[in-house]
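Colleague: here is a sequence together with a model predicted from it:
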Amino acid sequence: MTAPSKLQQSMATDDLAGRPWLLLPGTLCTSMVFDGVLEALGVGPDQCRTLLPDRPDVRDYDDICARSGPDTVVCGFSLGAILAAHWADRLTAHRLVLFGLNPFADDPSKAKGRHDLAHDVATRGGAVAMGSRLPPLSGATPDVAREAILEMADQTAHMIDAQTQLALSRPGALKALSQARMPVLSLTGAEDIAAPPAQGRAAADAAPNGQFLPLAGLGHFALLEDPKACAIALTRMNDAIHDPIPT
């Protein structure tokens, strides 16, 4: 058996590691986007379930509630974080963890870009379509992060039409977040241009027990750029949580 890393040892008492996790990846992503941070936290694959954003309407995801419970950490990235945030008022979860979240209704000016991406994915493939659109990646191994992003894009290309419609049609999530019964931990790369830090902060501010933390030097794909930094930040936030909100 492999000995735990120093990071995992430092997190041994953290109550995130021993719990079930429900993972909600983003557009053209699989659960691979969470692998690094989960490994750093000491969360094993057998503790995780994944709910892919493969349906076109936010109302189609009531199974978020059915797949989670009071011991579950619900963790979303980008479009997956949007989904989780929209169901925050109906979830019974231990923690709601949101990476790269925009809690507002979609900006109409993004519609053309979304449709262009969907067209390119359909005609050229996910990796090619994403490869020409990726911003500069940070972290120690940006080439590894890029390779993972392109691999996920090819694996999930068949979902792009539903994901595009979901992104375009979603309402804002601040009202749902304002009624969240669990702590809400919002983390955003400080250099994220797709979902700027002010949006992640707005999500945390809306929640009765919310926290926001910018991830220094990282962008929208912070989870892949520096998963250890994300794990450390998440643990720090979890350690700072006050008593649960009475239900």
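Modeller: Structure received. This is a predicted model, so every value here is computed, not measured.

Colleague: A88 contacts L185, doesn't it?
Modeller: No: counting by CB atoms under 8 Å, A88 does not reach L185; the two are 11.9 Å apart. From N, CA and C alone the C-beta is placed, and that goes for glycine too.

Colleague: which neighbours do the two have in common?
Modeller: Residues touching both A88 and L185 (CB atoms under 8 Å, 6 or more residues apart in numbering): L96.

Colleague: show me which parts of stretch 192-210 are buried, residue by residue.
Modeller: 192, 194-197, 199-207, 209-210 (16 or more other CB atoms under 10 Å).

Colleague: what's the closest of these to A127?
Modeller: Nearest to A127 among those, counting by CB to CB, is A194 at 18.4 Å.

Colleague: got the contact list for the closest one?
Modeller: By CB under 8 Å, 6+ apart, the contact set of A194 is 78, 100, 102, 135, 219-220.

Colleague: and L24, how many neighbours?
Modeller: The number of residues packed near L24 is 29, by other CB atoms under 10 Å.

Colleague: please name the nearest non-neighbouring residue to it.
Modeller: Of all residues not flanking L24 in the chain, G80 sits nearest, at 3.0 Å (CB to CB, 6 or more residues apart in numbering).

Colleague: contacts only, for that neighbour.
Modeller: Going by CB under 8 Å, 6+ apart, G80 touches 23-26, 29, 51, 53.

Colleague: what about it, which helix or strand?
Modeller: Element membership for G80, per DSSP states H and E: helix 79-86.

Colleague: next structured bit after that helix?
Modeller: Heading C-terminal from helix 79-86 (DSSP H and E), you reach strand 95-99.

Colleague: and the very next helix or strand once past that next one, what's its mean pLDDT?
Modeller: Counting by DSSP H and E, the element after strand 95-99 in chain order, helix or strand, is helix 111-124. The average pLDDT within helix 111-124 is 98.

Colleague: and helix 111-124, how far from the chain's centre?
Modeller: Relative to the centre of its chain, helix 111-124 is centred 22 Å away, using CA atoms, centre = their mean, to the nearest Å.

Colleague: can you map out the helices along this structure?
Modeller: Under the criterion DSSP state H, helices of the chain are mapped to 6-10, 35-41, 63-66, 79-86, 111-124, 126-131, 142-155, 160-169, 174-178, 197-206, 222-225, 227-239.

Colleague: packing partners of the last one?
Modeller: In this case it means helix 227-239. On a contact count with 3 or more CB pairs under 8 Å, 6 or more residues apart in numbering; DSSP states H and E, helix 227-239 meets helix 6-10, helix 35-41, strand 95-99, strand 184-189, strand 210-215, helix 222-225.

Colleague: could you give the angle of that helix to helix 142-155?
Modeller: Here helix 227-239 runs at an angle of 80 degrees relative to helix 142-155 (axes from the mean of the first three to the mean of the last three CA atoms, to 10 degrees).

Colleague: fine by me, thanks again.
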